[in-house]
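In: Fold the following and give me the result.
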Amino acid sequence: MANCVAADNTTPRQIVYSLAQGTAYYVVVFDDQFAQPGGNYTVKFSGPGDIYIGGIAAPGCDVLLPIPSTAVGGTFVADAPTYWAPGQLTNPLVTITAGNSARVTGMDASGQYYQIIWVCDFLWVPVGTLGPNYDAVWNGAPLPTNVVTSEAK
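Out: You can find the predicted model right below:
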């Protein structure tokens, strides 16, 4: 890591990165929740690499994933076993309990699994375990029915 804003947040900091061709760089700004006074900083990029910038309220990596514009929030209506790909259970098995929410990106070609974003990865869950999310953000938007491949795209 180059330079970080830490400790003395009253001193302006400049973070400089030189980019390389064919490389992707990710910048994530987050609130570290330690109630430190805000600092001043600038980030300067130079070079041919691709830059992705995201901001989050707490550390997380969903901002680093390529989330399709058709993705919507879903809520688990039943406990859901997770799969790396349709029909391939995670090992160790991870089960998402009913009541949790996840971003749903689409379905597999058979229509039996939804692809979701969960803990910084694309996973699959059985279709019958998810329903629309009726919170103030998603307002019960229908889950996507577009077909996605096993690989994150």
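
In: For the rest of this, base every contact and every neighbour count on C-alpha atoms.
Out: Noted.

In: Identify the residues contacting the nearest residue to P81 once chain neighbours are set aside.
Out: Spatial nearest neighbour of P81, excluding adjacent residues (C-alpha to C-alpha, 6 or more residues apart in numbering): T95 at 4.4 Å. Neighbour list for T95: 79-82 [criterion: C-alpha atoms under 8 Å, 6 or more residues apart in numbering].

In: Any stretches of the protein with poor pLDDT?
Out: Along the chain, segments meeting pLDDT under 70 span 1-64, 150-153.

In: Which residue ranges make up the domains of it?
Out: Annotated domains of the chain cover 13-63, 65-153 [automatic domain parsing].

In: before we move on, the earlier item: now the residue nearest to P81: how far from W124?
Out: The spacing between T95 and W124, counted by C-alpha to C-alpha, to the nearest Å, is 11 Å.

In: Determine the residues that are contacts of both of the two.
Out: Residues within reach of T95 and of W124 at once, by C-alpha under 8 Å, 6+ apart, are T82.

In: Where does G128 sit: helix, strand or coil?
Out: Assigned by DSSP: H, G, I helix; E, B strand; the rest coil, the conformation of G128 is helix.

In: any idea how far it is from P66?
Out: Distance of G128 to P66, computed by C-alpha to C-alpha: 25 Å.

In: before we move on, what about L93?
Out: With the distance defined as C-alpha to C-alpha, L93 ends up 25 Å from P66.

In: Of the contacts of T95, which is the most crowded?
Out: Using other C-alpha atoms under 10 Å as the neighbour criterion, T82 leads those with 25 neighbours.
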